[in-house]
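In: Take this sequence and fold it.
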Amino acid sequence: MSFIRTVSRALVLASLIAIGAAAPALAAPADVALIQSYIGEWRGRGVLIGATTETVVCRMSVTQGNQDKVNYSGRCSLAGTQLSVAGTMVYVEASKRFEAAMSSNATFTGVAVGQKRGDGMVFNLRERDEDEEGKDLNITAQINLRPEAMEVTFSVVYVESGDSLRAEVPFTKK
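Out: Sure, this is the predicted structure:
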């Protein structure tokens, strides 16, 4: 159960961005267009490597939200478990940055900050948390969004033992 819960949190953090960051204040049209370019249906398949190797299969739907927001909802299957995430991406003009917040069926909520890179965006997230046994975890995730492609990379490291989980899940737009 500890393995699945840890994987659940890591997938939630990395899996795909989002739930309702603050409303944008007159976001720049090019920044709004960049976020909206990810609207569509996405599929991903990758591998989680840890004590065992597991296949990760994900799907995500990205849709137009209210105002200049873009909503998403996604689900990943791993080791017989369904992990789900939902949220919203937005460009916040007041802070001149992209933000993505999320919620999940693993009771996690969080916010990631994104930056433009070339013709896409990269969101980075670093968290420190505890598993259900009270062991410290370092969780890192990077979500790289490019035209017609996304890649989610995440890792979970147990601070005390150094044991780790790592996954890379490439997505393509359908």
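In: Name the helix or strand of the protein that has the lowest mean pLDDT.
Out: The weakest-scoring helix or strand in the chain, judged by mean pLDDT, DSSP states H and E, is helix 2-14 (a mean of 42).
In: Just checking: what are the partner strands of the host helix or strand of residue 84?
Out: According to DSSP states H and E, residue 84 maps onto strand 81-92. Paired with strand 81-92 in the same sheet, following DSSP bridges, are strand 70-78 (antiparallel), strand 97-104 (antiparallel).
In: helices and strands around the helix or strand just after the least confident helix or strand of the chain, which ones?
Out: Sequence order places helix 29-36 as the next helix or strand after helix 2-14, per DSSP H and E. In terms of contacts (3 or more C-beta pairs under 8 Å, 6 or more residues apart in numbering; DSSP states H and E), helix 29-36 is packed against strand 81-92, strand 120-130. From N, CA and C alone the C-beta is placed, and that goes for glycine too.
In: quick one, the helix or strand that the shortest one is followed by and strand 97-104 angle?
Out: Tracing the chain past strand 120-130, the next element assigned as helix or strand by DSSP H and E is strand 136-146. In terms of direction (axes from the mean of the first three to the mean of the last three C-alpha atoms, to 10 degrees), strand 136-146 departs from strand 97-104 by 120 degrees.
In: Strand 136-146 pairs with which strands?
Out: For strand 136-146, pairing defined by DSSP bridges yields strand 120-130 (antiparallel), strand 149-158 (antiparallel).
In: Now the weakest link among those, please, by mean pLDDT.
Out: Ranked by mean pLDDT, the strands paired with strand 136-146 bottom out at strand 120-130, with a mean of 81.
In: Just the angle for that strand relative to helix 29-36, thanks.
Out: Using the same axes, to 10 degrees: strand 120-130 against helix 29-36 is 60 degrees.
In: What residues sit buried inside strand 120-130?
Out: Neighbour-count burial for strand 120-130, counted by 16 or more other C-beta atoms under 10 Å, picks out 120-123, 125, 127, 129.
In: Same list (the residues you listed) but as TSV, adding distance to residue 146.
Out: TSV is the format used below for the buried residues of strand 120-130 (distance: C-beta to C-beta, whole Å):
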residue	distance to residue 146
120	4
121	8
122	9
123	12
125	18
127	24
129	29
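In: Tell me which two of the residues you listed sit farthest apart.
Out: By the measure C-beta to C-beta, 120 and 129 form the most distant pair in those, at 28.0 Å.
In: mind checking how far residue 66 is from residue 90?
Out: Counting by C-beta to C-beta, to the nearest Å, the gap between residue 66 and residue 90 amounts to 10 Å.
In: Compare these two (neighbour count), which wins?
Out: Using other C-beta atoms under 10 Å as the criterion, residue 66 and residue 90 rank with residue 90 on top: 29 against 10.
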